[in-house]
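Peer 1: can you look at this prediction? I've put the sequence above it.
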Amino acid sequence: MITVENLTKRYGGYTAVDDVSFTVRPGAVTGFLGPNGAGKSTCMRIVCGLTPATSGRATVLDRPYAALPNPGRHVGVLLDASAQHAGRTGREVLTLGAVTMGLARTRVEELLDLVGLTDAEAGRRIGNYSLGMRQRLGIAHALLGDPEVLILDEPANGLDPAGIRWMRTLLRGYADQGGTVLLSSHLLHEIEVVADELLVIGRGKIVARGPKNELMQATGTTVRSTDDPAFERVLADAGLQSVTDGDGLRVSADPAEIGALAARHGVVLTLLAPAGSAGLEDMFLRLTAADAREEVPA
Ligand SMILES: Nc1ncnc2c1ncn2[C@@H]1O[C@H](COP(=O)(O)OP(=O)(O)OP(=O)(O)O)[C@@H](O)[C@H]1O
């Protein structure tokens, strides 16, 4: 469990994190989403005791991170895959971690195997690693002490599609066994497949949170008919707002209500489905628009 209470971080006159509170529960993957500069890394750094908060409190397993005995045995952290010493080999980094945490050295080979770093790669200096290899090494380092909690900042950065799928499977298995996962990304698609819970941050404030399925249901329905302009009028007469998107009309009502309306008016529907991902993406872009670098069309 991770608990954040009224966390604020100011850099001079700039408020990077603004009175943020949330909990991250065990047995689930919590996706921490927000555009560039929204405050995700700052929150995670505060949780891990690397950046002092201006005010508020963060605990992991009911204690401030710094108060955890042998923290690597409880919390696996990957904040910046490139932060490792470039002159060390991957195997050296993991061995150092294992020794510091009091683990058997065999754990190093287990983890190299788990993250798919070959013997030759493990013996190469990190300065010569690709970003994807650094992420794999970072994930291995986070998992080394068999922790109950994982805090991963943009771990999918630099991973190829097979690597991203591998990581999702790994996190799913970890959470299903009772682990707590806080996983950040600025890309909804990267997170929505694996996350059970979503936490959306914009301009340092939490702008949406909740179980992914509930948030998805709340984003409406996509519908297509043999005559969309006519059906749009039917919807408007029923007081339902609709917007045109690439797949048809997006309507803020559930599929059963829209289907019944179409049946009453003899409209032939060719598509009737929860807006799902597209709706969630719209919501994400809308809620964080003030923080985004690009303008979001209304
Ligand atoms: N040490 C610092 N000094 C001054 N400003 C900082 C510092 N660290 C972060 N910031 C600012 O705080 C804001 C939040 O940054 P943060 O790195 O937490 O965002 P993020 O959501 O992780 O973004 P990204 O997706 O780009 O990694 C940004 O405007 C950033 O410039």
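Peer 2: Here it is on my side, so go on.
Peer 1: do I have it right that P155 meets I139?
Peer 2: Yes - here P155 reaches I139: they are 6.1 Å apart, a contact under C-beta atoms under 8 Å. Where you see a C-beta, it was placed from the backbone N, CA and C, and this is true even at glycine.
Peer 1: now do the contacts for the residue in the stretch 51-200 of the chain that the ligand sits nearest to.
Peer 2: Relative to the ligand, the nearest point of the stretch 51-200 of the chain is H186 (4.2 Å; C-beta to the nearest ligand atom). Contacts for H186 (C-beta atoms under 8 Å, 6 or more residues apart in numbering) come out as L33, G34, P35, N36, A38, K40, E154.
Peer 1: can you get me a residue count around the closest residue in space to the fifth one that isn't next to it in sequence?
Peer 2: Distance criterion C-beta to C-beta, 6 or more residues apart in numbering; nearest residue to A38, sequence neighbours excluded, is I201 at 4.7 Å. Under the neighbour criterion other C-beta atoms under 10 Å, I201 is assigned a count of 27.
Peer 1: tell me what I201 is bridged to.
Peer 2: Beta bridges link I201 to I206 when assigned by DSSP bridges.
Peer 1: for I151, same thing?
Peer 2: Under the criterion used (DSSP bridges), I151 bridges to V77, L182.
Peer 1: what does R125 give?
Peer 2: Under DSSP bridges, the beta-bridge partners of R125 are T89.
Peer 1: which residues are in contact with it?
Peer 2: If a contact means C-beta under 8 Å, 6+ apart, then R125 has A86, G87, R88, T89 as its contacts.
Peer 1: what are the buried residues along stretch 269-281?
Peer 2: Neighbour-count burial for stretch 269-281 flags L269, L272, P274, A275, G276, A278, G279, L280, E281 (criterion: 16 or more other C-beta atoms under 10 Å).
Peer 1: which residues touch that stretch?
Peer 2: Residues contacting stretch 269-281 (C-beta under 8 Å, 6+ apart): 188-189, 192, 212, 215-217, 219-226, 245-248, 250, 254-255, 258-259, 262, 282.
Peer 1: which ones among those map onto helices?
Peer 2: In helices, defined here by DSSP state H, the members of those are L188, H189, E192, K212, L215, M216, Q217, P255, I258, G259, A262, D282.
Peer 1: per-residue pLDDT of the residue of the stretch 51-200 of the chain closest to the ligand, please?
Peer 2: Predicted confidence (pLDDT) for H186: 87.
Peer 1: what's the spacing between it and V75?
Peer 2: Between H186 and V75 the distance, using C-beta to C-beta, to the nearest Å, works out to 23 Å.
Peer 1: one step back: of all pairs in the buried residues of stretch 269-281, which one is the farthest apart?
Peer 2: L269 and E281 (23.1 Å; C-beta to C-beta).
Peer 1: and the residue sitting nearest the centre point of the chain, how far from L111?
Peer 2: By C-alpha atoms, centre = their mean, the chain has its centre lying nearest to G31, at 2.8 Å. Using C-beta to C-beta, G31 is found at 24 Å from L111.
Peer 1: now do A273
Peer 2: As defined by C-beta to C-beta, A273 lies at a distance of 41 Å from L111.
Peer 1: what's the domain layout of this structure?
Peer 2: The domain map for the chain lists 2-210, 220-274, with the assignment taken from automatic domain parsing.
Peer 1: now the last one: how far from the chain's centre is it?
Peer 2: Between the centre of domain 220-274 and the centre of its host chain there is 32 Å, according to C-alpha atoms, centre = their mean, to the nearest Å.
Peer 1: thanks a lot, catch you later.
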